[in-house]
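*Asks:* predicted model and sequence below, questions to follow.
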Amino acid sequence: MSVTDEDILNYCDGVMEQERATQLKQAAQNDPELAHRILLMEASQLPYEAAFSQQPHNPALPDALINRIEKMVKLSASNEINSKAEKNVNIDSDAFVLSRGSWNFMVIAASLAICFLLGHSMADRQNKAQLQSIQKGQNNQEDWVRRVANYQTLYTENTLVSIVSDTEKASTLLSRIEGSSVLQTDLPDLSSHGYTFVRAQELGYHGEPLVQLVYYKPGVAPLAFCYMPSSDEQSTHVRIGDHEGLRTADWIQNGQRFIIVGEESEAVMQSLYELASELWI
Amino acid sequence: MSTIPDGIADGLQHHLPALWRFALKLTFSEDDAEDLVQRTCLRALEQRASYDSRGKLRSWLFRIEHRIWLNELRSRQVRQHSSFTDLTDSELDAGKTNAHVIDNIRLDHPEGSVLFQQIVKAVNDLPENQRLVMLLVHVEGFTYRETADILDTPIGTVMSRLSRARLTVGEKILDSGSKLAASPPISNAGVVR
């Protein structure tokens, strides 16, 4: 009689059909090795749940974590409501206090916030026609710029110092996005301005892919370079502005909209724009 | 006006203790566990549209948490070796360098049951793939099918890993000579539905 470990498991746990269980029991009487395996399996019938739950001094669920999750849920709900009403959203930055040994939580929080605020939801896809008309026109570019810049304020230097740059992974991501969308992707090298590439993420805006590249330079706020498809075919000159204490440089080029958000002077933003825009000529 | 389904908003906070416990067992680090739980909740909120309310929220959340942790282990491996490959058992085991930090510290606690300590140690000493199956089935109480879904692996693989794990644990317990004859058998654990 051929008996697998799974058979013995089912037999010992009492879920084997009766006829086969009887056969196995009889076989074990003449097979010392089988009998030993059954003995081991029976010996493993233990109070696992009690053993793990009653370990003394298991680290308790931190109150700070509970509070952050509560605020996260509230923020998500309010962002979804406000994005539908096309209103500005006031972000409670206390909701995303860095945890110990940060695991780029703030990056994810900001990305989530951008996703929610920029309408990455089934509800928004259901209103695609209305959103497409909203996307047209300069007011929509300004709205996009404002929203991206607002949430860039969630990034801090401490968020990124623990992250190891992975350009290979980023290249793989960008290749995938390019292969599955109309986007022409690239990864600008900003090292001439002292920036190190940190990570790439694929976000969404009204159902369209939005590439977010984050760069790090000691002593200044993290810099974000974002781009996505544009419904405007006409290219625009770069506009340099201020939002929430950060500088922005935004433009439309070859059917894509771009924005750089960082803590730099106008001259540096202009230079960064010239460097990046060359990749999409 | 759409809002987050009550099931997920309430469910996140309801299942937070279970997510925390599992995160500790995955990461063996309080800091990593805290970040893992946060990322899990963020991802759940991001993907709330994909949650099928006919399914079980708890197993859906555990699936997310396990996937995030696996991706983190892969990222750490890529940073170390500059290549991307599927994690082997030995590489998963290497991820638990602090395997005994949380549990062994408590093993010396005078109030801990000797058998309970040996059970925890025997499970934590298992290869990672087997350890996870044991935790999900016999500690968290998931069925074989739910466990297979959480780990994104065939149910046959779950049973194979579980049976090997149980044999190993049984052997360790017998070798230690501390098996209590009066211990109740496991009931309804991992019953396939």
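*Replies:* The structure has been received and is ready for your questions.
*Asks:* so A:Leu203, which state does it fall into?
*Replies:* strand (DSSP: H, G, I helix; E, B strand; the rest coil).
*Asks:* for the residue nearest to it when sequence neighbours are not counted, phi and psi?
*Replies:* Using Cβ to Cβ, 6 or more residues apart in numbering or on different chains and skipping the chain neighbours, the partner closest in space to A:Leu203 is A:Leu210 (4.3 Å). Glycine gets a C-beta too; all of them are placed from N, C-alpha and C. When read as degrees, to the nearest 10, the backbone of A:Leu210 gives phi -120, psi 120.
*Asks:* so for A:Leu210, what's the pLDDT?
*Replies:* pLDDT recorded at A:Leu210 is 82.
*Asks:* B:Gln47 and chain A, how far apart?
*Replies:* Distance, B:Gln47 to chain A, using Cβ to the nearest Cβ, to the nearest Å: 10 Å.
*Asks:* give me phi/psi at that residue?
*Replies:* Backbone dihedrals for B:Gln47, given as degrees, to the nearest 10, come out at phi -100, psi 20.
*Asks:* name the helix or strand for the residue lying closest to it once chain neighbours are set aside, please.
*Replies:* Excluding the flanking residues, the one nearest B:Gln47 by Cβ to Cβ, 6+ apart is B:Ile64, at 7.5 Å. Assigning secondary structure by DSSP states H and E places B:Ile64 in helix B:57-81.
*Asks:* can you check A:Val214 too?
*Replies:* Once you assign secondary structure using DSSP H and E, A:Val214 falls within strand A:208-216.
*Asks:* and that strand, C-alpha only, in CSV?
*Replies:* Extracted C-alpha coordinates of strand A:208-216, given in CSV (Å, rounded to 0.1, in the frame of the first residue of the first chain):
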residue,chain,number,x,y,z
GLU,A,208,-4.0,56.9,-17.0
PRO,A,209,-0.6,55.7,-15.9
LEU,A,210,1.5,58.3,-14.0
VAL,A,211,5.2,57.7,-13.6
GLN,A,212,6.7,59.1,-10.4
LEU,A,213,10.5,59.2,-10.1
VAL,A,214,12.0,60.3,-6.8
TYR,A,215,15.5,61.7,-6.3
TYR,A,216,17.5,62.5,-3.2
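*Asks:* so what strands line up beside that strand?
*Replies:* Strand A:208-216 has the following strand partners under DSSP bridges: strand A:196-205 (antiparallel), strand A:223-229 (antiparallel).
*Asks:* send the alpha carbons of the last one over as CSV?
*Replies:* Presented in CSV, the C-alpha positions along strand A:223-229 are these (Å, rounded to 0.1, in the frame of the first residue of the first chain):
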residue,chain,number,x,y,z
LEU,A,223,12.7,65.9,-5.7
ALA,A,224,9.9,64.3,-7.8
PHE,A,225,9.8,64.0,-11.6
CYS,A,226,6.4,62.9,-12.8
TYR,A,227,5.0,62.3,-16.3
MET,A,228,1.9,60.9,-17.9
PRO,A,229,0.0,61.0,-21.2
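*Asks:* just the buried positions in the helix or strand following that strand, please.
*Replies:* Counting by DSSP H and E, the next helix or strand C-terminal to strand A:223-229 is strand A:239-243. For strand A:239-243, the buried set under the neighbour-count rule, 16 or more other Cβ atoms under 10 Å in any protein chain shown, comprises A:239-240, A:243.
*Asks:* do the same with stretch A:260-271
*Replies:* By neighbour count with 16+ other Cβ under 10 Å, stretch A:260-271 contains the buried residues A:260-264, A:268-269, A:271.
*Asks:* got a list of contacts for that stretch?
*Replies:* Here stretch A:260-271 makes contact (Cβ atoms under 8 Å, 6 or more residues apart in numbering or on different chains) with A:148-149, A:152, A:193, A:215, A:220-226, A:238, A:240, A:243, A:245-250, A:272-273, A:276.
*Asks:* same thing but at 6 Å, please
*Replies:* For stretch A:260-271, the external contacting residues (Cβ atoms under 6 Å, 6 or more residues apart in numbering or on different chains) are A:149, A:152, A:220-221, A:223-225, A:240, A:246-249, A:272.
*Asks:* just give the closest residue to A:Asp189, not the sequence neighbours.
*Replies:* That would be A:Phe197: by Cβ to Cβ, 6+ apart, it lies 7.6 Å from A:Asp189.
*Asks:* hey, what's the one you found bridged with?
*Replies:* For A:Phe197, the beta-bridge partners are A:Tyr215 (DSSP bridges).
*Asks:* and it, how many neighbours?
*Replies:* 20 (other Cβ atoms under 10 Å in any protein chain shown).
*Asks:* over to A:Gln29?
*Replies:* Neighbouring residues of A:Gln29 were enumerated by other Cβ under 10 Å; the total is 9.
*Asks:* which secondary structure element is home to the closest residue in space to it that isn't next to it in sequence?
*Replies:* Nearest residue to A:Gln29, sequence neighbours excluded (Cβ to Cβ, 6+ apart): A:Ala35, at 7.4 Å. Mapping A:Ala35 onto the secondary structure by DSSP H and E places it in helix A:32-43.
*Asks:* what helices or strands is the helix or strand following that helix leaning on?
*Replies:* Secondary structure here is assigned by DSSP H and E; on that basis, the next helix or strand after helix A:32-43 toward the C-terminus is helix A:48-53. Taking 3 or more Cβ pairs under 6 Å, 6 or more residues apart in numbering or on different chains; DSSP states H and E as the contact definition, the neighbouring helices and strands of helix A:48-53 are helix B:114-124.
*Asks:* mind listing what's buried in the helix it packs on?
*Replies:* Within helix B:114-124, the residues scored as buried using 16+ other Cβ under 10 Å are B:115-124.
*Asks:* give me the subset of those touching chain A.
*Replies:* Near chain A, taking Cβ under 6 Å from any Cβ of the partner chain as the test, the members of the buried residues of helix B:114-124 found are B:116, B:119-120.
*Asks:* where do the helices sit along chain B?
*Replies:* Taking DSSP state H as the criterion, chain B contains helices spanning B:6-14, B:16-27, B:30-46, B:57-81, B:89-94, B:101-107, B:114-124, B:128-134, B:144-151, B:155-176.
*Asks:* turn those into TSV, including mean pLDDT.
*Replies:* Supplementary listing: these in TSV, determined by pLDDT from 0 to 100:
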stretch	mean pLDDT
helix B:6-14	80
helix B:16-27	93
helix B:30-46	90
helix B:57-81	83
helix B:89-94	57
helix B:101-107	42
helix B:114-124	90
helix B:128-134	95
helix B:144-151	94
helix B:155-176	93
